[in-house]
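could you work out the structure for the sequence below:
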Amino acid sequence: MTHINILDPGASPLDYYGFELRRHREAAGLTQKQLGEIVNYTGSLIGQIETARKLPTPTFSERVDAALGTGGLLTRLVDLVLRSQLPAWFQQVAELQARAVEICSFETHMIHGLLQTEAYARAVLGALDQSNLDDRTAVRLARQRIFEKEEPPVFWAILSEAALYQEIGGPETMRGQLERLLSFETNPRINIQILPFSAGAHAGLTGSFDLYRFTSDPTILYTEGYGSGHPTANPDTVKDCSLRYDHLQAAALSLSDSAGLIRRVMEERYGQQRDADGGPVA
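Residues are numbered from 1 along each chain as shown. The predicted structure is shown next:
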């Protein structure tokens, strides 16, 4: 167990966060319990975060910044902390997502991580491994904060129709997830298209991929395997997949037709089941 008196702020972003939290709390003359009461968390949780045994969340950081008058310090640190908890092979990808001005994604069988709800993300991450599931889910959801930036990236997501039917987490989770997709319908920076089954053979049959575009740096192509990621800036490979993406967009439904299909699947497949008299089935 890490003792707070020997916590090394240089050991990791999480240790640095805990060190700063404790320093500012003590400067304000508050105990862990008192600060917890102000921000509506337990004193025990404050202690666990101060000793780098628990991950802070963005909401926690915002509340503590407001309570301690830290000028947004912890809110700025929390993204770095959460990114540092990603698997080593994925940390570079998270950095690419944070810097990109445009992200183009094609997914063959599930909803992209940047669009996932908490329940859907938990079901995906917990499929084979239930350990530290709360923290791993929080880390995944924290990546979505790129859409809260002053200048968020433009995100184009093409999802195979199969992703709407792959029942991850059960009907209620899927309904919430499809509702989440529909919530972006009027957001010009988050654009979702569905590649329908009727498209037949298409340019994405070899698998999912992402393209990250930047203001001045070369475009990066990212593909993923089991426990490994493969970013590349090879011009020929990037050019080939950029062309593939153009063809996928041409084969996909329009934005409005895609929303219509999502809505239809949500109601027909995941809507509340009713009996012959119109009442909900228990």
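
mind checking the SS state of residue 194?
strand (DSSP: H, G, I helix; E, B strand; the rest coil).

and the strands in the protein?
102-107, 154-160, 190-195, 209-213, 220-225, 228-232 (DSSP state E).

want to throw those strands into CSV with distance to residue 67, mean pLDDT and mean neighbour count?
For glycine as for every other residue, the C-beta is placed from the backbone atoms N, C-alpha and C. Below are those laid out as CSV (distance: least, CB to CB, whole Å; pLDDT from 0 to 100; neighbours: other CB atoms under 10 Å):
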stretch, distance to residue 67, mean pLDDT, mean neighbour count
strand 102-107, 35, 97, 21
strand 154-160, 33, 98, 22
strand 190-195, 32, 98, 22
strand 209-213, 37, 96, 21
strand 220-225, 39, 89, 17
strand 228-232, 38, 84, 14
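
a markdown table please, covering these and showing distance to residue 55.
Output for the strands of the chain, formatted as a markdown table (distance: least, CB to CB, whole Å):
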| stretch | distance to residue 55 |
| --- | --- |
| strand 102-107 | 25 |
| strand 154-160 | 25 |
| strand 190-195 | 26 |
| strand 209-213 | 25 |
| strand 220-225 | 24 |
| strand 228-232 | 22 |
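
sketch out the low-pLDDT regions of the stretch 51-200 of the chain for me.
Along the stretch 51-200 of the chain, the parts satisfying pLDDT under 70 run over 89.

how about a cut-off of 90?
52-59, 76, 78-95, 98, 127-132, 134-136, 138-140, 142, 145, 149-150 (pLDDT under 90).

related to what we said a few turns ago, of the strands of the chain, which is nearest residue 37?
Relative to residue 37, the nearest member of the strands of the chain by CB to CB is strand 190-195, separated by 37.7 Å.

packing partners for that closest one?
Using 3 or more CB pairs under 8 Å, 6 or more residues apart in numbering; DSSP states H and E, the elements in contact with strand 190-195 are strand 154-160, helix 235-251, helix 255-270.

if we can go back for a sec, quick one: closest of the strands of the chain to residue 181.
strand 190-195 (5.6 Å).

residue 189 is in contact with residue 151, isn't it?
No: at 9.6 Å, residue 189 does not count as touching residue 151 under the criterion of CB atoms under 8 Å.

between the two, which is the more surrounded one?
Comparing residue 189 with residue 151 by neighbour count (other CB atoms under 10 Å), the higher total belongs to residue 189, at 13 against 6.

can you pull the contacts of the more buried one?
147, 152-155 (CB atoms under 8 Å, 6 or more residues apart in numbering).

so which two of these are the farthest from each other?
Counting by CB to CB, the most remote pair of those is 147 and 154, 10.3 Å apart.

isn't residue 75 up against residue 60?
No: using CB under 8 Å, residue 75 is not in contact with residue 60, being 9.6 Å away.

of these two, give the one with the bigger neighbour count.
Remark: of residue 75 and residue 60, residue 60 carries more neighbours, 22 against 19, as counted by other CB under 10 Å.

alright, I will stop here.
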